[in-house]
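**Student:** predicted structure and sequence below. I'll ask about it afterward.
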Amino acid sequence: MEKSATATATATVAAACIALLAAPGAAAQSVEETLTIGVVDGPPEQTFERIAAVRATSDGRIVIVDEGDASIRVFGAAGKFLARFGGTGEGPAEFRHVGSAALFGDTLTVLDRNGGKLVRFTLDGELIDTRRTDFAVSAHGFPLRMNALRDGSLILETASGCSIPPREGTDTQWRLLRIEPNGPALTELRKTDVGGGLAVYGRGASFCTVLSLPFRAGPVAAVHRDGTVAFGTGAVPRVEVHGFGEDAPRRVLELPGSRRSFGRADRRGWRDRVLGERLGPDTPDDVARRLREVEDEIEFPGLWPAYDRMVYDSNDDLWIRRPPVFDAAEAEWDVLGPDGAFRATVALPAALVVHAVSDGRVYGVMKGEWDEDRVRRYDVRWE
């Protein structure tokens, strides 16, 4: 059983190199895991319940927001623990339920999704201010990601789940919201069906759950700090980049990847992974029966989406993930420069949920052996 994040990183660096993917015109690079933060049994600053956000500063400090205990923890570039603040409560620097967080410079803004407030901290844990917001889960969905813009506003990405009783026309909706710098009001910039999720109700709406359908094209967005948004659904290998407003310039980026076939093995992989996670000895009979019925009602596609995740890095490059097949160990990320030109395809672990890319370092969350959350960092070296 691990004793420290530094020891884990040291032990795995040599074995964690991932081969680059060659492509015409691609820049050569190598990928290496250089840090793991998180243990099963150890110091409290190293154990996490549910990580909601990971952010990185220009000098390599790592900010981790744990939704489970509403804490914010800061680590140095080498993994040394530096600070812990926040926590559950009703105070100005506490949270009823952490939703997401955005970092701009050395200022961290955290959304209290149930408390209706935004809290700003320095990375030393000093409270800067607290202000109200009109955000509500019942109206806007669950927070997915939040980005801070140069003008002080925030762009929040959310998704609605199912509810009892069912809300006609509002379940499984994806939204992009703008939170103004000073006021509580939110502006809805975009709203569409979530695509990659399916709301499943029991007979007479006795229960509801959302099944993941990663093979369906759905809304995918990345927000640049200047307010530009890259948006698409993955239905075709292209992404639209634009600002907001009638006069905002728009351009289309053509992607190098194409859509792959979705076959019987993919359908079986989805059933084994997604339904397998929901069906167990403790699953009520009516829930298990309804989940098995749902598979027969799903219309499976002939092709995977062209992409399913996007993120801007600190150098203004756009990273776009091609969906990995269910048994894949790695996922391919196409990297496009600020001018839209293809730079390279980088291979990262398929199980890594990427939260940030900064100065050639990729920060994400992966599950450990005991299903615990861990933060992992991969260094990408361009040659």
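**Tutor:** Looks like it arrived, so ask away. Keep in mind that what you see is a predicted model, and the values were worked out from it rather than measured. Numbering: from 1, shown residues only.

**Student:** neighbours of the spatially closest residue to residue 274 that is not a sequence neighbour, how many?
**Tutor:** Among residues not flanking residue 274 along the chain, residue 212 sits closest, at 5.5 Å (Cβ to Cβ, 6 or more residues apart in numbering). C-betas here are computed from N, CA, C, even on glycine. Counted by other Cβ atoms under 10 Å, the residues lying close to residue 212 total 13.

**Student:** for residue 340, same thing?
**Tutor:** 14.

**Student:** per-residue pLDDT, it?
**Tutor:** Predicted confidence (pLDDT) for residue 340: 93.

**Student:** could you look up the SS state of the closest residue to it other than its chain neighbours?
**Tutor:** Closest residue to residue 340 apart from its sequence neighbours, by Cβ to Cβ, 6+ apart: residue 253 at 4.6 Å. At residue 253, secondary structure determined by DSSP: H, G, I helix; E, B strand; the rest coil is strand.

**Student:** residue 253 pairs with what?
**Tutor:** Beta bridges link residue 253 to residue 239, judged by DSSP bridges.

**Student:** how close does it sit to residue 219?
**Tutor:** As judged by Cβ to Cβ, to the nearest Å, residue 253 and residue 219 stand 16 Å apart.

**Student:** same question for residue 381.
**Tutor:** In terms of Cβ to Cβ, residue 381 sits 33 Å off from residue 219.

**Student:** so for these two, which residue has more residues nearby?
**Tutor:** residue 219 (21 against 11).

**Student:** let me know the pLDDT of the closest residue to the more buried one other than its chain neighbours.
**Tutor:** In space, and not counting its chain neighbours, residue 219 is closest to residue 174: 4.5 Å by Cβ to Cβ, 6+ apart. pLDDT recorded at residue 174 is 95.

**Student:** how many neighbours does residue 174 have?
**Tutor:** 22.

**Student:** test my guess that it contacts residue 233.
**Tutor:** No: contact between residue 174 and residue 233 fails when scored by Cβ atoms under 8 Å: they sit 10.0 Å apart.

**Student:** can you give me the helices in this structure?
**Tutor:** Ranges of helices in the chain, per DSSP state H, are 5-12, 137-140, 264-270, 276-278, 285-297.

**Student:** which one of the ones you listed lies closest to residue 48?
**Tutor:** Residue 48 lies closest, by Cβ to Cβ, to one member of these: helix 5-12, at 11.1 Å.

**Student:** and that closest one, what's its mean pLDDT?
**Tutor:** For helix 5-12, the mean pLDDT works out to 40.

**Student:** go on, stretch 84-104?
**Tutor:** Mean predicted confidence for stretch 84-104 is 95.

**Student:** first-to-last residue distance for that stretch?
**Tutor:** 19 Å (Cα to Cα, to the nearest Å).

**Student:** pull out the buried positions in that stretch.
**Tutor:** Across stretch 84-104, burial judged by 16 or more other Cβ atoms under 10 Å covers 84-86, 93-95, 98-104.

**Student:** same thing with stretch 327-343?
**Tutor:** Using 16+ other Cβ under 10 Å as the test for burial, stretch 327-343 gives 330, 331, 332, 333, 334, 335, 336, 342, 343.

**Student:** which residues sit in contact with the residue nearest to residue 340?
**Tutor:** 230, 238, 239, 240, 241, 318, 336, 340 (Cβ atoms under 8 Å, 6 or more residues apart in numbering).

**Student:** now do residue 136
**Tutor:** Shown in contact with residue 136 (Cβ under 8 Å, 6+ apart): residue 116.

**Student:** and it, how far from residue 313?
**Tutor:** From residue 136 across to residue 313, the span is 32 Å (Cβ to Cβ).

**Student:** in the stretch 1-150 of the chain, which spans are strands?
**Tutor:** All strands of the stretch 1-150 of the chain, identified by DSSP state E, counting those that start in this stretch, fall at 29-37, 51-56, 62-66, 71-75, 81-86, 98-104, 107-112, 117-122, 127-132, 142-148.

**Student:** of these, which approaches residue 261 most closely?
**Tutor:** Proximity to residue 261 (Cβ to Cβ) singles out strand 29-37 among the strands of the stretch 1-150 of the chain, at 26.9 Å.

**Student:** what comes up buried for the closest one?
**Tutor:** Across strand 29-37, burial judged by 16+ other Cβ under 10 Å covers 29, 31, 33, 34, 35, 36, 37.

**Student:** what's it packed up against?
**Tutor:** Packing partners of strand 29-37 (3 or more Cβ pairs under 8 Å, 6 or more residues apart in numbering; DSSP states H and E): helix 5-12, strand 342-349, strand 373-382.

**Student:** so which elements touch the last one?
**Tutor:** Just to be clear, that refers to strand 373-382. Partner elements for strand 373-382 (3+ Cβ pairs under 8 Å, 6+ apart): strand 29-37, strand 51-56, strand 62-66, strand 342-349, strand 361-367.

**Student:** if we go to 6 Å?
**Tutor:** With contacts taken as 3 or more Cβ pairs under 6 Å, 6 or more residues apart in numbering; DSSP states H and E, strand 373-382 sits against strand 29-37, strand 361-367.

**Student:** about what we covered before: min pLDDT across the contacts of residue 253, which one?
**Tutor:** Within the contacts of residue 253, residue 340 has the lowest pLDDT, namely 93.

**Student:** can you go through the contacts of residue 253 and name the buried ones?
**Tutor:** Neighbour-count burial (16+ other Cβ under 10 Å) applied to those gives 230, 239, 241, 318, 336.

**Student:** which one of these sits closest to residue 305?
**Tutor:** So of the buried ones among the contacts of residue 253, ranked by how close each gets to residue 305 (Cβ to Cβ), first place is residue 239, at 12.0 Å.

**Student:** between the strands of the stretch 1-150 of the chain, which one is closest to residue 354.
**Tutor:** Using Cβ to Cβ, the strands of the stretch 1-150 of the chain put strand 51-56 closest to residue 354, at 9.0 Å.
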